[in-house]
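Enquirer: output the structure for:
(2 chains)
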Number of protein chains: 2
Amino acid sequence: MNNQLLYQHGTLGALVPGLFQGTLAIGELLKHGDTGIGTLTGLDGELIIMDGVVYQVSATGQVMVIENGAVPFANVHFAAFKSAGDIRGAAATAQQQMLAALGTHNLFAAVQVRGTFAHMTTRAVKAQQRPYPGLAATAADQAVFTREQVAGTLLGYWSPQLYAGMASPGFHLHFLADDHQFGGHVLDYTVAAGTLQTQVFSDIQLHLPTADSEFLNADLDGDLLGDITKAEH
Amino acid sequence: MNNQLLYQHGTLGALVPGLFQGTLAIGELLKHGDTGIGTLTGLDGELIIMDGVVYQVSATGQVMVIENGAVPFANVHFAAFKSAGDIRGAAATAQQQMLAALGTHNLFAAVQVRGTFAHMTTRAVKAQQRPYPGLAATAADQAVFTREQVAGTLLGYWSPQLYAGMASPGFHLHFLADDHQFGGHVLDYTVAAGTLQTQVFSDIQLHLPTADSEFLNADLDGDLLGDITKAEH
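Expert: All right, here's what the predicted structure looks like:
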């Protein structure tokens, strides 16, 4: 167990043309980390993984603990966060503070904020059916949720711009309320009072689905980055 | 030892603005593979690693076995090649055959051709001094070598287009003559008679220089890909 290593299954570029089939079982994924984010086959909701427990926030808004299913895309690591002090403010301010705490733009890193959020807006994509649309189209087919004064955990990753084909550049954050009644992919937030933790990685291990013929045969050589930017922000 | 894993130290995008300082010792690199390619501090020549032995082809044309030094950029893996039959023909034809043998554009893979080459053109960059120029400028400061009817090993990697910020997209090949008197970064070749071996990876582990302040502070967020394409081909 190497807590300097971020493990990723799947590659963001493959989601762009709609390769949404889960290609790694949840049980296998958890061998590579106890903490992380991801999604299920068909982009069926947003996953947040804490202490080895996988929570699925579905487009109905429901949060469920799941033990089965497979991910087309997920990041996990073994948590060994370092405290980086108190944090508060709107998303842009908070994320400036996160980046300053990382000390570099050029390494992959995890961030976690525990506290109370004055405002939190999330989304969860609706489960897509075959034939899958492209990733950009799913942004129009998502549920958006908002809470005020919600206690919970903001968890996600910083990915440097250089790796935009495999990971969403910048911060990619998910949220889970402490009462497990609310969560999702984070669109906007304001931290009322929180503590920031960070974990910087020396290594990222990208694991690709070698047995998935759709992946092996997909044309991923085009300019996918524009579509990634559209869909993830 | 996982022969499904390609290990990479450094990221191609960091070479573009001239981060040529070696950040991983050769001895550390060899813990992650016995086969591969890379370069030394200052881009001092071209490395080819076979059976755990590191050969440096310098800009004088000299080939030396080295045990010390550090790499700003290198790829290694533990060789477990599969035979993919005979191969012959000019570079474009040979590389079509290599890609067909891999069976996909979408995974990282190693290729190796052993045989006789009717024609082989290589280059080796001259050792750059601080302040380092950008990568594109070094292409003008390299020695080019040609041999006819040379027996040797062509060794390198296929990287999918998606990962263009971290690895040179397409084939990145080095060469070493059987007599160890000639080699380098491959610019062009024709296989007279050879055998092709391939090794497809499920995983790539990218290891970044967390202790190198130049790397941590570099601005790598620009559009580096155009420069990569210019310098590597």
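Enquirer: number of nearby residues for residue A:69?
Expert: 18 (other C-beta atoms under 10 Å in any protein chain shown). Glycine gets a C-beta too; all of them are placed from N, C-alpha and C.
Enquirer: let me know the pLDDT of it.
Expert: Looking at residue A:69, its pLDDT reads 97.
Enquirer: over to residue A:94?
Expert: 98.
Enquirer: does it sit in a helix, a strand or a coil?
Expert: Secondary structure assignment for residue A:94 (DSSP: H, G, I helix; E, B strand; the rest coil): helix.
Enquirer: mind listing what's buried in stretch A:31-46?
Expert: A:32-46 (16 or more other C-beta atoms under 10 Å in any protein chain shown).
Enquirer: same check, this time on stretch A:191-201
Expert: A:191-192, A:194, A:196-201.
Enquirer: closest one to residue A:206 out of the buried residues of stretch A:31-46, please.
Expert: residue A:32 (11.5 Å; C-beta to C-beta).
Enquirer: is the spatially most central residue of chain A in a helix, a strand, or coil?
Expert: Nearest to the geometric centre of chain A sits residue A:37, at 4.0 Å (C-alpha atoms, centre = their mean). Counting by three-state DSSP, the backbone at residue A:37 sits in strand.
Enquirer: so in terms of bridging, what pairs with it?
Expert: Counting by DSSP bridges, residue A:37 is bridged to residue A:48, residue A:75.
Enquirer: quick check: it touching residue A:172?
Expert: Yes. Between residue A:37 and residue A:172 there is a contact at 6.9 Å, judged by C-beta atoms under 8 Å.
Enquirer: where do the contact lists of these two overlap?
Expert: Common contact partners of residue A:37 and residue A:172 (C-beta atoms under 8 Å, 6 or more residues apart in numbering or on different chains): A:156-157.
Enquirer: nearest residue to residue A:4 in space, please, no chain neighbours.
Expert: residue A:202 (4.4 Å; C-beta to C-beta, 6 or more residues apart in numbering or on different chains).
Enquirer: go ahead and confirm that neighbour touches residue B:210.
Expert: Yes. The criterion here is C-beta under 8 Å, and residue A:202 meets it with residue B:210 at 4.6 Å.
Enquirer: what touches both of those two?
Expert: Residues touching both residue A:202 and residue B:210 (C-beta under 8 Å, 6+ apart): A:4, A:107.
Enquirer: what helix or strand does residue A:55 sit in?
Expert: Per DSSP states H and E: residue A:55 is located in strand A:53-57.
Enquirer: quick one on the thing from earlier: now for the buried residues of stretch A:31-46: which two are most distant?
Expert: The largest separation in the buried residues of stretch A:31-46, counting by C-beta to C-beta, is between A:34 and A:42 at 25.0 Å.
Enquirer: near chain B, which residues of chain A?
Expert: Applying C-beta under 8 Å from any C-beta of the partner chain, we find that chain A lies next to chain B at A:4-5, A:11, A:13-14, A:103-108, A:160-166, A:200, A:202-208, A:210, A:215-221, A:224.
Enquirer: from those, which would you call buried?
Expert: Among the residues of chain A next to chain B, those buried by neighbour count (16+ other C-beta under 10 Å) are A:5, A:11, A:13-14, A:104-108, A:160-166, A:200, A:202-208, A:210, A:215-216, A:218, A:220, A:224.
Enquirer: picking up where we left off before, ok, residues contacting the strand holding residue A:55?
Expert: For strand A:53-57, the external contacting residues (C-beta under 8 Å, 6+ apart) are A:26, A:30, A:40, A:44-49, A:63-67, A:69, A:122, A:124, A:174, A:176, A:180, A:182-184.
Enquirer: now the angle from that strand to strand A:35-39?
Expert: Strand A:53-57 and strand A:35-39 are oriented at 40 degrees to each other (axes from the mean of the first three to the mean of the last three C-alpha atoms, to 10 degrees).
Enquirer: dihedrals phi and psi, residue A:28?
Expert: phi -70, psi -40 (degrees, to the nearest 10).
Enquirer: now residue A:134: closest residue in space that isn't a chain neighbour?
Expert: Here the residue nearest residue A:134, using C-beta to C-beta, 6+ apart, is residue A:18, at 5.1 Å.
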